[in-house]
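Q: Let me see the structure of the following:
(chains A, B and C, ligands or ions: 2)
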Amino acid sequence: MARQTYRPTMPKNWYLKNPFYTRYMIREATSVFVGLWMLNLTVGLWRLSQGEAAWQGWIDLQGEPWMILFSLITLGMAIYHTVTWFAIAPRAMPAVIAGKKVNPDLVGKAHWAGFVVASIVVLAILL
Amino acid sequence: MKWQHNEPFFWGLFGAGGVVSAFVAPALVLALGVLLPLGMGEPLNYERAQALFGHPLMALILWGVISLTLWHCAHRVFHGLHDLGFHPGAVARVFTYGVAAVITVTLPFALI
Amino acid sequence: MSDANVTIEIQRYHPETCPEPKFGRFEVPYHKEWSILDALQYVKEDLDGSVVYRWSCRMAVCGSCGMVINGTPKLACETFLRDFGPGSTITLEPLKNFAIERDLAVDLEDFVEKLERVKPFIVDAGAALKKPKKAQPPTTGVGEYRQTPLELSVFKQFTMCINCLLCYSACPQFGLNPKFVGPAALALAHRYNADNRDLGEEDRKAVLNTKDGVWSCTFVGYCSEVCPKHVDPAAAIQREKVNGMMDWGLSKLGGGE
Ligand code: SF4
Ligand code: FES
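A: Ligands and ions are numbered 1, 2, ... in the order given. Predicted structure coming up:
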């Protein structure tokens, strides 16, 4: 005979019940902002292919206060993604690569070093 | 063993986009979305933009960064819907992975 | 001796006498060396003999005493009254995401069934002696393996699991989808897959490669946070996803079975 048990239901807003879950949901939500921003950039490249006036229109749009605000929020979200991604990536890597034990701390530091180099290169090219 | 789904394919693109955007998205957004519109750096007028983004190597990099990041975002949004208690189906797939796929295919035409 | 108390609030459920869970309050003397488990023993012996909870070793090795203490999944035997201080109120709930049998005891059958499915043992060790997988594990005579410290280090942390199920209580993906195989069982699957003496990887694919296997995980990561043995099940699952991706790729190239 099956025993009688009580099965609690998970609240719909479970991610608000624990700060750890909330931080997880923010991590996932970064993709909404970063994704929309990349779509905006896609529009820009498409406008660029349409000629000078179209491109200038897109550039002017980027200067609108609400657009700068959106970019600022996206910037924060993108950094949040970087921080959380670099925290996880070293742990998810194989334990041994090419006969050598992977040191997660070192891998994490190498990620940040790469991030600094990549950021400098991107800023140098675009600015 | 026979695979009943293609989740590894989407997860692979998600991972690649996660790596790429973790490294370059902050600087990209900072430069194009904040500093240049605020008048810092060399103004990105039509000539400069064409020279910069028209370069084949730059076009290739932009294509990779944008497409992979969109696949990454699509995957997170799709699974995020499940976390929010919806049961994402075909429609959700079209609006997430579908968008990423369309941009991946069409972006090269804008860049050439 | 103590003159202060702590208040222990225990979520009670009993199919016959208390069919809707509700909290019972108990005043327990504060002793800084008492664990939550000691406090529960006091409740059961001196205040209410009907309180149900599981325990055995009292030293964080048997994995029986997992429960949700003030909202966080913890082992009752290694959480102490001094962590909260005299006069505090401590709430005890059964592990989340499981069916409750009585009070703090949850139904473990579903987990045991999942654990069995991943074959948490070295598969076909005898055959491994004759036909080693991957790079030839060197053997010393019949019935012995040589496993280098490096080979051991690949999976050692995943052997530390005590099946306490704190990670299942911490996992929202398991809460959302009870069919998800879940952190501990998947971490143990990885523990054996990563063991160079084991030949069971192919068998375990039938569980790991399904949507309810590793692919339900979104790396929330709270499982690894609450694990009392630092197993890091979330990391184990990611490594199996990488393996799964290779296997998927090979199958599409026609290379896999
Ligand atoms: S992985 Fe950690 S939390 Fe999960 S059952 Fe094993 S010891 Fe407990
Ligand atoms: S009683 Fe054994 S782990 Fe707590």
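Q: which ones are touching the residue of chain B found nearest ligand 1?
A: Nearest residue of chain B to ligand 1 (CB to the nearest ligand atom) works out as B:Asp83 at 20.9 Å. Any C-beta I mention is one placed from the backbone N, CA and C, and that applies to glycine too. Shown in contact with B:Asp83 (CB atoms under 8 Å, 6 or more residues apart in numbering or on different chains): A:Tyr15, A:Met25, A:Glu28, C:Pro172, C:Leu176, C:Thr218.
Q: let's see it at 7 Å
A: By CB atoms under 7 Å, 6 or more residues apart in numbering or on different chains, B:Asp83 lies in contact with A:Tyr15, A:Met25, A:Glu28, C:Pro172.
Q: list the contacts for C:Glu151?
A: C:Asn196.
Q: do the same with B:Ala27
A: If you count contacts by CB under 7 Å, 6+ apart, B:Ala27 has them with A:Ala118, A:Ser119, A:Val122, A:Leu123.
Q: Most neighbours among the residues you listed, please name it.
A: Neighbour counts for the contacts of B:Ala27 (other CB atoms under 10 Å in any protein chain shown) peak at A:Val122, which has 22 neighbours.
Q: Could you count how many residues lie near C:Phe23?
A: Counted with other CB under 10 Å, the neighbours of C:Phe23 add up to 12.
Q: before we move on, the earlier item: which pLDDT value does the model give the residue of chain B closest to ligand 1?
A: With respect to pLDDT, B:Asp83 scores 95.
Q: what's the distance between the closest residue to A:Ile59 other than its chain neighbours and B:Val34?
A: Leaving aside its sequence neighbours, A:Ile59 sits nearest to B:Leu44 (CB to CB, 6 or more residues apart in numbering or on different chains; 6.3 Å). Note on B:Leu44: its distance to B:Val34, by CB to CB, to the nearest Å, is 13 Å.
Q: Neighbour count for the two, which is higher?
A: The neighbour comparison of B:Leu44 against B:Val34 (other CB under 10 Å) goes to B:Leu44, with 22 against 17.
Q: Quick check: A:Phe20 vs C:Val220, distance?
A: 8 Å.
Q: out of these two, which sits in the more crowded spot?
A: Counted by other CB under 10 Å, A:Phe20 and C:Val220 do not tie: C:Val220 has more neighbours, with 24 against 16.
Q: ok, now which ones touch that one?
A: Counting by CB under 7 Å, 6+ apart, the residues that C:Val220 touches are A:Tyr24, C:Cys171, C:Pro172, C:Gln173.
Q: now that we have the residues you listed, which one has the most neighbours?
A: When neighbours are counted by other CB under 10 Å, C:Cys171 leads these with 29 neighbours.
Q: so C:Asp103 touches C:Val52, yeah?
A: Yes. Using CB atoms under 7 Å, C:Asp103 is in contact with C:Val52, at 4.0 Å.
Q: Please say which of the two ends up with more neighbours.
A: The neighbour count for C:Asp103 versus C:Val52, taken as other CB under 10 Å, is higher for C:Asp103 (24 against 17).
Q: Next one, pLDDT for the more buried one please.
A: With respect to pLDDT, C:Asp103 scores 97.
Q: What separation do you get for it and chain A?
A: Per CB to the nearest CB, to the nearest Å, C:Asp103 is found 10 Å from chain A.
Q: Need phi/psi at that residue.
A: Main-chain dihedrals, C:Asp103, degrees, to the nearest 10: phi 40, psi -110.
Q: which residues does it contact?
A: Counted by CB under 7 Å, 6+ apart, C:Asp103 has contacts C:Ile10, C:Gln11, C:Arg12, C:Tyr13, C:Val51, C:Val52, C:Tyr53.
Q: give me the beta-bridge partners of the first one?
A: C:Ile10 has these beta-bridge partners by DSSP bridges: C:Gly24, C:Leu92.
Q: C:Gly24 is in contact with that one, correct?
A: Yes. Counting by CB under 7 Å, C:Ile10 does reach C:Gly24; the two are 5.1 Å apart.
Q: Looking at the two, which is more packed in?
A: Using other CB under 10 Å, the more surrounded residue of C:Ile10 and C:Gly24 is C:Ile10, with 24 against 17.
Q: so what's that one up against?
A: Counted by CB under 7 Å, 6+ apart, C:Ile10 has contacts C:Phe23, C:Gly24, C:Phe26, C:Val51, C:Leu92, C:Asp103, C:Leu104.
Q: Show me the residue at the heart of the chain, geometrically.
A: If you meant another chain, say so; for now it's chain A. Nearest residue to the geometric centre of chain A (CA atoms, centre = their mean): A:His81, 3.4 Å.
Q: Let me rephrase: I mean chain C.
A: With distances taken as CA atoms, centre = their mean, C:Leu165 lies nearest the centre of chain C, 3.2 Å away.
Q: Return the per-residue confidence for that one.
A: Note on C:Leu165: pLDDT of 98.
Q: Pop out the phi and psi values for it.
A: Dihedral angles for C:Leu165 - degrees, to the nearest 10 - are phi 70, psi 10.
Q: Show me what the longest helix along chain A is packed against.
A: Identified as the longest helix of chain A according to DSSP state H is helix A:19-48. The contact analysis (3 or more CB pairs under 7 Å, 6 or more residues apart in numbering or on different chains; DSSP states H and E) places helix A:19-48 against helix A:52-63, helix A:65-92, helix B:46-54, helix B:56-83, helix B:99-111, helix C:222-226.
Q: run the last query once more with 8 Å
A: helix A:52-63, helix A:65-92, helix B:7-28, helix B:46-54, helix B:56-83, helix B:99-111, helix C:222-226 (3 or more CB pairs under 8 Å, 6 or more residues apart in numbering or on different chains; DSSP states H and E).
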